[in-house]
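[1] Pasting the sequence and the predicted coordinates here, then a few questions.
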Amino acid sequence: MSSAPILEVRGLKVEYESDRGPVWAVDGVDLDVQPGEFVGVVGESGCGKSTMLFAIAQLLSPPAFITAGSVRFMGQNLVTMTNKSLNALRWRDFSVVMQSAMNALNPVKSIGAQFQDAIDAHDEHVARERPAEVLQLVGIDPIHLKSYPHQLSGGMRQRAMIAMALLFTPDLIVMDEPTSALDVVAQRQLMVQIKQLQKQLGFAIIFVTHDMSLVSHFSDQLLVMYAGQVVEVGATRKVFDSPAHPYSRGLLDAFPSINGPKVHLTGIPGAPPDLAHPPAGCRFNPRCPEVFADCYVIEPELYQVESAKARCLLHVQGERPLQRAAGSEAR
Amino acid sequence: MSTILAESATVSSEPESIKRRRGGLWRAILHNRKAVVGLVLFLLFCLAAAFPHIFVPWLHGPPDKVGAFDSELHPSLHHWLGTTQLGQDVYAELIYGTRESLIIALVAGAGATIISVLIGVSAAYLGGLADDALSLFTDVFLVLPAFPLIIVLATFAGKGNLTVVVLVLIVTGWSYGARQMRAQGLSLRNRDFLESARVRGERRSYIILVEVLPTMTSLIAASFLGAALYSVLTAAGLQFIGLGDSSSLSWGTMLYWAQNQSALLSGFPAWALAPGVAVALLGVSFALLNYAFDEIGNPALRPVRRHRVKRANP
Amino acid sequence: MTDTTTNPATTSDPSTSASGSPLLETRGLTRHFKVGGNLSRKTLHAVDDANIIINRQEIVALAGESGSGKSTIARLLARVYKPTSGEIYYQGRALSNIKGRRDQLSYRSDVPMVFQDPFSSLNPAFRVSHGIMRGLKLHRKDIPRASRYAEAERVLDAVGLTPASDILQRYPYELSGGQRQRIGFAQALAYKPKLILADEPVSMLDVSIRIGLLNVMADLRSNEGVSFLYITHDIASARYVADRLIVMYAGHVVESGPTEAVLQNAKHPYTQLLLSAVPDPRAPLDVDADADKGEPPRVIDPTPGCRFRWRCPLVVEECHHVTPALRVLGERHAAACHVAQPDPEIPAR
């Protein structure tokens, strides 16, 4: 994929105003998405992945604000755009699928009415059959345009959300844990469906989830986030086969497998840090099984590790010692 | 045992906020500006009710003694709010009247709250037929037109009796809170910790009293404040139209006598306005305390004393 | 609570352990709910005719999707619901015979429950010691009042929460989700139980925390001799921690047996579907273009017949008319399917 990326995020920072002091939920994230690429973003609760997604889609509300960085979508920086120009792009060029369809769908309106709302809001001339078309695309009988959300099962509701996101055939769809409320079989169906649609229509996807194994077979690029930072990024297969960052390794190891020998697993001890007072140096140092002295002082960058990148001092190239961070809490 | 991954107490990364929360209710109130104002006002009223002579040290004899002073005086240094047509000092009456008004508010408020909690929470927790019956009972009282009912009851039960006034207020004031308690109880009903208590084998009465009620304290406090507010206003109204004991001294009776003597029309507004303002202020203090309890119970409502961030897109 | 009531003849789930009679057994356990308001006559069949056996010192996983009835079974065993029909036998004694507060409390202390949601399973108004101390008061009369706190500390140690005395004094909001779930286990452990009913205890936790709790369960089984009924929709975690696996679909038990046997040699088409749907990053993708598009049904007033028949790739005529019963098809391995084949060594019964 040598064409220009449709999304380029550089140095994105999101800060929460709080009475405990500043909290950096997202701390300097870079991300490139090529046209038609499936990008998976994985991490556990509190890592900032959902916040980052909302920031990219310009959906943050106070007390969270983007305080630095750029989000270039097809060349335009969304962060500095006016609301008017943003609305012109929304839904037509990029759309969002939320985590829980039950919360995102209006319970007192029929599906068809909500699709019509979306169409009207974006003032685009679409064929009258478009709502029925997109429902068929996701495998729902168009007769359900008349149904209300509570009449559909969880899996169908989620697919209806995806259909809504496809109304204007956007170039990028951003999904926040769309499968977490579903059972394993429904999850699998949905993932396969999404991948098929992607092949068919050619849109790019940013898929946020806490379930690494879910994206393992579907994503092209994988980002692992921890404590507001990207700690590893690379081709999915590469990250799964040889994870470079101890956190990614720990995360992968925390999944017991169905096949193969039964192994005793230990998970990752401890808990993610409080983002108002992150630890000095590498944020993973309280929990890292391979921690050494420098980890408590130096904040690692993303270092190249073969075809991937990892934010870990184990992979630092060149000479040591590196420049020390000026004061461990300088911001 | 060594294979169990011990989870050490790493939550100590925020000692400061934990200590703050451990200070408890008191600290929370003191930190909240609205609460402090409300509390101060309320305490002033309590003081006036308990020790009125502190505020009116120069008074000898009962404050409502007719003819104690020259009548129909405008507000002056001697008589801060002037005197009435009957020669009473308005300010002194106001202070001494605080006691009865406050008692009515607190007693009626507490009574209504207790009943609303009992009925509301039981309805929520017992469910089924009991819930249907209790809800019907509540709805009947909710729907009854309050003021006419109050007037009828007060007239029949014996005009002028303080106990009657309080009882009437309780009877008409409990149903609103009961609905709220029931709603809250219902939302709590399926919380796992209640099911956990059931599975533990606790008796139902224990569960309601010990497990459910403590989680509802902020709602109960808010309900009490609301009921007290309702009682103050309604009692003043009742007494104003003459259904209270017009020979007793309270803000409502002051309003009654002011109206009776056409104070406003004769150009002595202080007599009519002062008790009205007092009622309003007491109401304000309850309302402010109510806001504070809301904010304490639900941190999302707290005004964030923010440290401003520099936004990328201002 | 030993009782000399004779244990009726073996059921169709031949999973009794070698050490004798099962700890808990259900026969024809059924639970229906009325749906649709006061005037309707529709019944939801949450659980129908479930025969389940749990032995001493064993972890049994009960797996299925939502609507399969697994949570209802947990609540039936916890005596939150009464069975519509069928019976539960605990140590040979029928639960319907357990009346009187003392006997009921005795059962509750032997069979406690751990809940799914760490954010609502502890009363936020009290310190975390509250539930444990109440439990000790109600169920451990052998411990004098003065020693209760020490016992509370002991169970916290047993689930890996240290320092116990510090944590006991905290409020739930001061603990993480994983810590709260451990408190849930500690509460159950405080009763000196024989069987802990764990209703999806790790589903709401982060992945890296889950393993820690699953290890706690395994250790409690090995070191304290406690059995578990581990209810989950995650087959991989069931494989990790369970000795036996029971699969449910739409209110019926469709397969049961030793975990490895069921996973390596799944007999019921639904089990096979479940297994194929589990994402395993280390295995190559096996995407069937005509992958199953169905969903578990809501079983309201069902007709006889296999409830999986609309989604089953192996359906035959019999499936539409006769509800399949659990048949033994392998070593302690049974499935409820008309077309499933027995293992070659087992003579057809």
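    Received the coordinates, thanks.
[2] so after the longest helix anywhere in chain B, what's the next helix or strand?
    Longest helix in chain B by number of residues (criterion: DSSP state H): helix B:90-126. Next along the chain after helix B:90-126, taking DSSP states H and E as the criterion, comes helix B:128-143.
[3] Would you point out which residue of the stretch 1-150 of chain C is nearest chain A?
    residue C:65 (3.9 Å; C-beta to the nearest C-beta). From N, CA and C alone the C-beta is placed, and that goes for glycine too.
[4] right, is the longest helix of chain B up against chain C?
    No. Contact between helix B:90-126 and chain C is absent, the nearest approach being 14.4 Å (criterion: C-beta under 8 Å from any C-beta of the partner chain).
[5] Up against chain B, what does chain A have?
    Proximity of chain A to chain B (C-beta under 8 Å from any C-beta) is limited to residues A:13, A:15, A:17-22, A:63, A:65-69, A:79-80, A:264, A:266-267, A:269-271, A:273-274, A:276-277, A:286.
[6] re earlier: for the longest helix of chain B, packing partners?
    helix B:33-50, helix B:52-55, helix B:128-143, helix B:162-189, helix B:217-240, helix B:251-260, helix B:269-297 (3 or more C-beta pairs under 8 Å, 6 or more residues apart in numbering or on different chains; DSSP states H and E).
[7] Indicate which one of these is closest to residue C:302.
    helix B:128-143 (26.9 Å; C-beta to C-beta).
[8] For chain A, give me the ranges with low pLDDT.
    In the predicted model, chain A carries pLDDT under 70 at residues A:1-2, A:19, A:101-102, A:123-124, A:317-331.
[9] list the contacts for the residue nearest to residue A:122 when sequence neighbours are not counted?
    Nearest non-adjacent residue to residue A:122, counting by C-beta to C-beta, 6 or more residues apart in numbering or on different chains: residue A:91, 4.9 Å away. Applying C-beta atoms under 8 Å, 6 or more residues apart in numbering or on different chains to residue A:91 gives the contacts A:118, A:121, A:122, A:165, A:167, A:168, A:170.
[10] Pick out the residue of the stretch 1-150 of chain A closest to chain C.
    residue A:44 (4.1 Å).
[11] how close does that residue get to residue A:285?
    To residue A:285, residue A:44 is 17 Å away according to C-beta to C-beta, to the nearest Å.
[12] and if you look at residue B:75?
    In this view, residue B:75 and residue A:285 are 72 Å apart by C-beta to C-beta.
[13] swap in residue B:156?
    Distance from residue B:156 to residue A:285, by C-beta to C-beta: 78 Å.
[14] was I right about the residue of the stretch 1-150 of chain C closest to chain A contacting residue A:187?
    No. Applying C-beta atoms under 8 Å as the test, residue C:65 and residue A:187 come out as separate, 10.2 Å apart.
[15] interface residues of the stretch 151-300 of chain A facing chain C?
    Proximity of the stretch 151-300 of chain A to chain C (C-beta under 8 Å from any C-beta) is limited to residues A:153-156, A:183-189, A:191-192, A:210-214, A:216-217, A:240, A:250-252, A:254-260, A:262, A:264-269, A:271.
[16] returning to what we had before: between residue A:44 and residue A:285, who's got more neighbours?
    residue A:44 (22 against 17; other C-beta atoms under 10 Å in any protein chain shown).
[17] Nearest residue to the more buried one in space, please, no chain neighbours.
    Nearest non-adjacent residue to residue A:44 (C-beta to C-beta, 6+ apart): residue C:206, at 4.1 Å.
[18] Would you mind confirming that that neighbour makes contact with residue C:177?
    Yes. Using C-beta under 8 Å, residue C:206 is in contact with residue C:177, at 7.3 Å.
[19] Between these two, which contacts overlap?
    residue A:45.
[20] can you pull out the strands in the stretch 101-250 of chain A?
    Assigned by DSSP state E, counting those that start in this stretch, the stretch 101-250 of chain A shows strands spanning A:172-176, A:204-209, A:221-226, A:229-235.
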